[in-house]
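*Asks:* Could you work out the structure for the sequence below:
(chains A, B, C and D)
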Number of protein chains: 2
Amino acid sequence: MPKSELKAKETVKRSTRELLLDVAEELFTDHGFDGTSVRDITEQAGTRLASINYHFGTKKSLFIAVIMRRAIVLCEERLVMLRDIDIDGIEASDALYQLIDAFVLPLLKHSTKGDPGWKNYCRLIAQTSTYRQAYEDNTVREVFDPPAYEFIKCLKKIMPKASDQQVQYAFQFMLGTTLYVFTENLRLDGMTEGKYRSGDMNNIYPSLLKYICGGILNLSITT
Amino acid sequence: MPKSELKAKETVKRSTRELLLDVAEELFTDHGFDGTSVRDITEQAGTRLASINYHFGTKKSLFIAVIMRRAIVLCEERLVMLRDIDIDGIEASDALYQLIDAFVLPLLKHSTKGDPGWKNYCRLIAQTSTYRQAYEDNTVREVFDPPAYEFIKCLKKIMPKASDQQVQYAFQFMLGTTLYVFTENLRLDGMTEGKYRSGDMNNIYPSLLKYICGGILNLSITT
DNA sequence: GTCTATAGCTTGATAGAC
DNA sequence: GTCTATCAAGCTATAGAC
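*Replies:* Residues are numbered from 1 along each chain as shown, chains lettered A, B, ... in the order given. The predicted structure is shown next:
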């Protein structure tokens, strides 16, 4: 077999490890961790039952691997955008808007780029965030918390008069609104009989940003 | 055995059915539907394995029963508060504030009144909302949707200039922010090392309302 | 790195006595 | 309405050949 053919085959065929991650990502998203068996995963992936234990050890480790794979990418993109904000050079409300954009836009970009893997991933971390179990894992915290601290630090600079508590709450509210939207839970679809869709991210996005922005601004006003 | 003694015993001992609902509510909240076995439930309830199938038929039916039991109460309380708003007699921003209060306060009241059952229930419906499966059940939709339509109708009266889409989005954002907060997912606790707590609802509540109010107001402003 | 085979256990649900 | 006993199927994980 000539070299070129070998290379072509490599490009086409994903490694078993990556394949398992993709399939697990999809099934965990649609049926949850406990609602997905390793058999479901290996059958859909066309591999044997033992492949998961060989590549990941346990089912739990596979789940963590799924979460971690794209987390590093996502967090890095958020930080790059956050650092690009010229806090001192612009108005506070503009800076706030850009901060929220730095937090949410990376999610939007991946969710709408056509890669079903990323779409599933966004829904997965959004769902997972509502369960206490997931956040109890230290590996996951070590990836998601440091960027979060950067956002909070930046929020404090933008709203110097706001109390520590208000800033902490503001971050959690931003997080909550964002993650709920990215679950794409079909509630909007059901209630409007398909007139509007929870999966229509590009259309929802501008409204989402205005909502979060207005919410945080109102939070820092003492009345 | 005299009548009075019988009555006393009835008051103390919950029916097996109610007991199973309470235990299931707690375990479904902490471990999810698929993470909870009927054995887990019956063992903690001190009943036999067959009791669940006798009283509810299937595990799935038990889950629906758990969701429905308090849903009717919650929805009715929301509607009572909503109807009490004097839309035409007050300013739009005040009316909006009262509308949000009508949506969230019933949750807060039950969540903080000391009944662990209600506390679990609030967390459960918040978690469940991020899964597509749950909303697919018609029984659940028939309870939660009609009150939601009432809120949307009222939102439109308060914000007559806002488009239908903006109002629909506004409702979803309110829903998302609220439900995320009521998951009490411990993220705030972890990030602030216990300085602030996601379970401290009474303290979070005023900020939550200001945030949602500011968000929706900003949404209806065209810039 | 992939395969078969299987251990050891848990699952939801039911049949039938009381 | 509650009990025991049990079924049939599913589960995660591993051992060992190739």
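
*Asks:* Now do the domain split for chain A, please.
*Replies:* Following automatic domain parsing, one gets these domains for chain A: A:1-57, A:68-219.

*Asks:* any idea which of those scores lowest on pLDDT?
*Replies:* Among the domains of chain A, domain A:1-57 has the lowest mean pLDDT, at a mean of 86.

*Asks:* one step back: can you put the domains of chain A in CSV and add mean neighbour count and distance to DNA strand C?
*Replies:* Where C-beta positions appear, they are placed from N, C-alpha and C, glycine not excepted. Converted to CSV, these look like this (neighbours: other C-beta atoms under 10 Å in any protein chain shown; distance: least, C-beta to the nearest atom of the strand, whole Å):
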stretch, mean neighbour count, distance to DNA strand C
domain A:1-57, 15, 4
domain A:68-219, 18, 16
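
*Asks:* Out of those, which is closest to DNA strand D?
*Replies:* In terms of C-beta to the nearest atom of the strand, the element of those nearest to DNA strand D is domain A:1-57, at 3.0 Å.

*Asks:* The nearest residue to residue A:158 once chain neighbours are set aside: helix or strand, and which one exactly?
*Replies:* In space, residue A:158 comes closest to residue A:95 once its chain neighbours are excluded; the distance is 4.8 Å by C-beta to C-beta, 6 or more residues apart in numbering or on different chains. Following DSSP states H and E, one finds residue A:95 within helix A:92-112.

*Asks:* ditto for residue A:25
*Replies:* In this assignment (DSSP H and E), residue A:25 forms part of helix A:16-31.

*Asks:* on that earlier part again, ok, now how distant is the residue nearest to residue A:158 from residue A:105?
*Replies:* Noted for residue A:95: a distance of 15 Å to residue A:105, by C-beta to C-beta, to the nearest Å.

*Asks:* DNA strand D contacts on chain A?
*Replies:* A:36-40, A:49-50, A:52-53, A:57-60 (C-beta under 7 Å from any atom of the strand).

*Asks:* What is the nearest of the residues you listed to chain B?
*Replies:* Of all those, chain B sits closest to residue A:36, with 8.5 Å by C-beta to the nearest C-beta.

*Asks:* could you list every residue that touches the closest residue in space to the closest one that isn't next to it in sequence?
*Replies:* Closest residue to residue A:36 apart from its sequence neighbours, by C-beta to C-beta, 6+ apart: residue A:27 at 4.4 Å. Listed by C-beta atoms under 8 Å, 6 or more residues apart in numbering or on different chains, the contact set of residue A:27 reads A:36, A:40-41, A:44.

*Asks:* can we see that at 10 Å?
*Replies:* Contact analysis of residue A:27 by C-beta atoms under 10 Å, 6 or more residues apart in numbering or on different chains lists A:33, A:35-37, A:40-41, A:44-45, A:66, A:120.

*Asks:* can you check residue A:130 too?
*Replies:* Contacts of residue A:130 (C-beta under 10 Å, 6+ apart): A:176, A:179-180, A:183, B:123, B:126-131, B:179-180, B:182-185, B:187.

*Asks:* Over to residue A:18?
*Replies:* Contacts for residue A:18 were tallied using C-beta under 10 Å, 6+ apart; they are A:55, A:69, A:117.

*Asks:* which residue packs closest to the first one, ignoring adjacent ones?
*Replies:* Just to be clear, that refers to residue A:55. residue A:17 (5.0 Å).

*Asks:* my guess is the one you found contacts residue A:51, does it?
*Replies:* Yes - the criterion here is C-beta atoms under 10 Å, and residue A:17 meets it with residue A:51 at 8.9 Å.

*Asks:* So which residues of chain A form helices?
*Replies:* Assigned by DSSP state H, chain A shows helices spanning A:3-12, A:16-31, A:38-45, A:50-56, A:59-83, A:92-112, A:116-128, A:132-136, A:138-158, A:164-182, A:187-191, A:201-219.
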